[in-house]
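>>> Sequence first, then the predicted structure, then my questions.
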Amino acid sequence: MSTKSKAEMVIILGLGNPGPKYLLARHNAGFRTVDCISIAAKIPLYKMSHQAYWGKGQFAGSDVLLAKPMTYMNNSGLAAAALCRNFGVPPEKMLVVYDDMDLPLGALRLRPQGGSGGHNGLKSIIYHLQTESFPRMRIGIGRSPLADVADYVLESFSQDEEEVLAGTLAHAVSAAALFIEEGIMAAMNRFNVHAKKKPLQAVEDMLK
């Protein structure tokens, strides 16, 4: 049973950099997660205001606002704060989705709050919201022992990596739905163990 009121709107904010140059970059895993949710929920992101592309609709039985900041990663907090303020959504009802080099490719982790972990997008959001108390979903992109960090996150995934990422993004859609329905702890308990079996089937079942 859901632990949240259906009247409460949830924001799902995916982090990334705008423009075709960065479309498939590792740093855009948050954008890509929101794009997958947009398709699954049939919520187009066609509005541009509050320094973000966004759209509203129904997902997992609740009112949801999907958004991608157009500020570039380092200023993501400008969009996060504007969206929360203008739509009256408290930070604890905003799920922030972003890439994490400290997680291996294929991994997914949720947390109810915490620091930035050195991620510039998270640093900006914490600064502009003046709180660390917002839930987040980290999408693992792994590290390269050879490439510079700044170069690595802006590179595109390889074809083999894309195949792994597809499963992670499918899990991320299901995790976002469970977060909306039952809260962050339920989503953590199910998805932080990163069950790998039939992720695409899980999304299909959710949408039936």
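Looks like it came in fine. Numbering: from 1, shown residues only.

>>> Only C-alpha atoms from now on, for both contacts and neighbour counts.
Noted.

>>> quick one, strands of the chain?
Along the chain, counting by DSSP state E, strands occupy 10-14, 47-49, 52-59, 62-69, 94-100, 108-111, 136-140.

>>> so where's this protein uncertain?
Low-confidence segments of the chain (pLDDT under 70): 1-7, 194-208.

>>> buried residues in the lengthiest helix in it?
What stands out as the longest helix in the chain, according to DSSP state H, is helix 159-182. Using 16 or more other C-alpha atoms under 10 Å as the test for burial, helix 159-182 gives 165-181.

>>> can you give me the offset of it from its chain's centre?
10 Å (C-alpha atoms, centre = their mean, to the nearest Å).

>>> Please apply the same query to stretch 64-76.
That offset, for stretch 64-76, works out to 10 Å (C-alpha atoms, centre = their mean).

>>> mind listing what's buried in it?
For stretch 64-76, by 16+ other C-alpha under 10 Å, it's 64-76.

>>> And the furthest pair within these?
64 and 74 (24.6 Å; C-alpha to C-alpha).

>>> So the closest residue to residue 113 other than its chain neighbours versus residue 93, what's the distance?
Residue nearest to residue 113 in three dimensions, not counting chain neighbours: residue 133, with 4.7 Å by C-alpha to C-alpha, 6 or more residues apart in numbering. From residue 133 over to residue 93 the distance is 10 Å, taken as C-alpha to C-alpha, to the nearest Å.

>>> who's in contact with the residue nearest to residue 113?
91, 92, 112, 113, 114 (C-alpha atoms under 8 Å, 6 or more residues apart in numbering).

>>> just the buried members of those?
Buried members of the contacts of residue 133, counted by 16+ other C-alpha under 10 Å: 91, 92, 112.
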